[in-house]
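A.B. asks: predicted model follows, preceded by the sequence.
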Amino acid sequence: MAQQGGQDPAAAIEMAKQEMDYRVALFNAMVSSCYEKCIDKRYKDGELSVGENSCIDRCSSKYWQVTGIVGQMLGSQGGMH
Amino acid sequence: MQGLPADQQQQLMQAIEQMQVRDSLRMYNTLVERCFKDCVESFRRKDLDATEEKCVQSCCSKFMKHSARVGIRFGELSSEAETQMQQMMAGQQAGGGK
């Protein structure tokens, strides 16, 4: 993200940690949502079908796009603090 | 992370490691809950029957494969976004402002 040279080191670490927390949360939410949307819960075996694999790929892509749009909308509404 | 000095990098690495441990434990509990909810319906006996056991094994296997695949896509989408961001910023600098 930002690379400000003279920044307070504690603040830089804090920012990096927050960025990481955000990314982990985003990843977990993506896994969880796409699991609900894509996976057949009858568990006939332990493998993912071709359909499920495609669904996962598309779901991940769409989830990411939704993240982008929501980010834009929140940004334009006057900040996210 | 590359912009930080060595001792801060180490601090960050430790924080990341702690997060990974915490996240593994969280995933473990989530998976147990999910597979229990999806696979266990009856309580006529106190032991899992063969069907339930196989169901739980399949559930775990599927979830972990699913999680791995999402991880790959997440990585791709992430680096794609970062590349676009860098190109955008390079464009702004070269063009002399917005």
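C.D. replies: Looks like it came in fine. The structure presented is a predicted model; accordingly, all values stated were derived computationally and were not measured. Numbers count the residues shown, from 1 in each chain, chains lettered A, B, ... in the order given.
A.B. asks: quick one: contacts for the residue of chain B at minimum distance from chain A?
C.D. replies: Across chain B, the shortest distance to chain A (Cβ to the nearest Cβ) belongs to residue B:61, at 3.0 Å. Using the backbone N, CA and C atoms, a C-beta is placed for each residue, glycine as well. Contacts for residue B:61 (Cβ atoms under 8 Å, 6 or more residues apart in numbering or on different chains) come out as A:46-47.
A.B. asks: which helices and strands does the longest helix out of those in chain A pack with?
C.D. replies: Scanning chain A for the longest helix, with DSSP state H as the assignment, gives helix A:9-38. Counting contacts by 3 or more Cβ pairs under 8 Å, 6 or more residues apart in numbering or on different chains; DSSP states H and E, helix A:9-38 packs against helix A:50-76, helix B:6-39, helix B:50-95.
A.B. asks: which residues are contacting stretch A:17-33?
C.D. replies: A:1, A:59-60, A:63-64, A:67, B:12, B:15-16, B:19, B:23, B:66-67, B:70-71, B:74, B:78.
A.B. asks: returning to what we had before: columns distance to residue A:20 and mean pLDDT on top of the helices and strands packed on helix A:9-38, output as JSON lines?
C.D. replies: Below are these laid out as JSON lines (distance: least, Cβ to Cβ, whole Å; pLDDT from 0 to 100):
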{"stretch": "helix A:50-76", "distance to residue A:20": "16", "mean pLDDT": "94"}
{"stretch": "helix B:6-39", "distance to residue A:20": "7", "mean pLDDT": "87"}
{"stretch": "helix B:50-95", "distance to residue A:20": "12", "mean pLDDT": "92"}
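A.B. asks: distance to residue A:31 added to these, as JSON lines?
C.D. replies: Shown next, in JSON lines, are the helices and strands packed on helix A:9-38 (distance: least, Cβ to Cβ, whole Å):
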{"stretch": "helix A:50-76", "distance to residue A:31": "9"}
{"stretch": "helix B:6-39", "distance to residue A:31": "9"}
{"stretch": "helix B:50-95", "distance to residue A:31": "5"}
